[in-house]
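In: need coordinates for the following:
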Amino acid sequence: MQDDGPTEESAASPARGGRTSAAGTALEKSMRILEAVAAPGGPHRLTDVAAAAAVPKSSAFRILASLTEQGFVRPESGARYGVGPRLRGLSALVSGGEPPSIGRVLGELRESVGQTVHLALHSGEALTYIRKLESDQPFQTASRVGMRMPLHSTAIGKSILAHLPEEEVRALIASAGLPRRTPRTLTDPQALLAELQAVRARGFAVDDEENEPTIRCIGAAVLGPDGRPIGGVSVTTVAFLVSREEIEAYAPALRTATEALVPLL
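Out: Here you go, the predicted model:
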């Protein structure tokens, strides 16, 4: 990557109250970079993020790479950086950070199916819940906003994987593995690839007690303009109350919600 900006040694222009680019601990630099990424008008170029955070461009690039790996930052087209799912999750925990229209879409889905609804965003080898709407059922699931979940054992995760190129899926499997979460988890790569083909054909995925015993979910991906999955939505139930056939009947309402979310994420 060509670096035509200031180097670690030469960048010393003051910013943010006169601090130089070398000022602050690694944590302080990371926090300033997060502030710069989250500033209005994003996604932002590396050069602009480094300048706004008063951090040398080479250091900013390394910090952004680490924040991307952790899901706090998301690379965008044109070598720009935007807010990642974990940062959105923190925002939702503090203040319900997503636009009200997202809450309306998810609320309508919950009212339609009468079950718990999750919204998650994809980041690297995992997904992060950024919104959860509990049902009025006499049970609650252990999931929470900000929680990172595996892709291979969750309904949202499988719906995301189903819309990625096979070589990318294989690379994710090689990197993250297929750890067994329950006796039903798909831990064989070929079995998972076959399941993903079925997910693409029917337009939704089912987690049939694969991630957590007694929990059954149906999920569908939210696709970006380029056809790549941004994240997904799931409807969550308990297996002893809702059969697989019954939960699959939620697919039309789920698909309506994911389509409505496309311009909002």
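In: check which helix or strand covers the nearest residue in space to A155 that is not next to it in sequence.
Out: With CB to CB, 6 or more residues apart in numbering as the criterion, A155 has its nearest non-adjacent residue at 3.0 Å, and that residue is G219. Where C-beta positions appear, they are placed from N, C-alpha and C, glycine not excepted. Taking DSSP states H and E as the definition, G219 sits inside strand 215-223.
In: which residues does the residue nearest the centre of the chain contact?
Out: Nearest residue to the geometric centre of the chain (CA atoms, centre = their mean): L121, 2.1 Å. Shown in contact with L121 (CB atoms under 8 Å, 6 or more residues apart in numbering): G84, P85, R88, L127, T128, I130, I230, G231, L265.
In: does it count as helix, strand or coil?
Out: Using DSSP: H, G, I helix; E, B strand; the rest coil, the structure places L121 in strand.
In: who's T116 bridged to?
Out: T236 (DSSP bridges).
In: can I assume it is in contact with V233?
Out: No. The criterion here is CB atoms under 8 Å, and T116 misses it with V233 at 11.4 Å.
In: those two - which one has more neighbours?
Out: V233 (27 against 23; other CB atoms under 10 Å).
In: which ones are touching that one?
Out: 106, 109, 117-120, 156, 219-220, 222, 254, 257-258, 261.
In: low-confidence ranges, the chain, go.
Out: 1-23, 85, 89, 92-100 (pLDDT under 70).
In: domains of it: list them as residue ranges, please.
Out: With domains defined by automatic domain parsing, the chain comprises 1-83, 96-264.
In: what are the ranges of the helices in the stretch 1-150 of the chain?
Out: Remark: helices assigned in the stretch 1-150 of the chain by DSSP state H, counting those that start in this stretch are 26-38, 46-53, 57-69, 85-95, 100-113.
In: in the shortest one, which residues are buried?
Out: This points to helix 46-53. L46, D48, V49, A50, A51, A52, A53 (16 or more other CB atoms under 10 Å).
In: cool, and stretch 208-217?
Out: Quick answer for stretch 208-217 (16+ other CB under 10 Å): D208, E209, E210, N211, E212, I215, R216, C217.
In: who touches it?
Out: Contacts of stretch 208-217 (CB under 8 Å, 6+ apart): 141-142, 149-150, 153-156, 181-182, 184-186, 206-207, 234-240, 242, 244, 247.
In: can I get the CA coordinates of it in PDB?
Out: The C-alpha trace of stretch 208-217 is given here as PDB (Å, rounded to 0.1, in the frame of the first residue of the first chain):
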ATOM      1  CA  ASP A 208     -31.800 -26.400  14.800                       C
ATOM      2  CA  GLU A 209     -30.200 -26.500  18.200                       C
ATOM      3  CA  GLU A 210     -26.800 -26.200  16.600                       C
ATOM      4  CA  ASN A 211     -25.500 -23.300  18.600                       C
ATOM      5  CA  GLU A 212     -27.300 -23.700  21.900                       C
ATOM      6  CA  PRO A 213     -29.400 -26.700  23.200                       C
ATOM      7  CA  THR A 214     -33.200 -26.200  23.100                       C
ATOM      8  CA  ILE A 215     -32.800 -23.000  20.900                       C
ATOM      9  CA  ARG A 216     -34.200 -23.000  17.400                       C
ATOM     10  CA  CYS A 217     -33.700 -20.000  15.000                       C
END
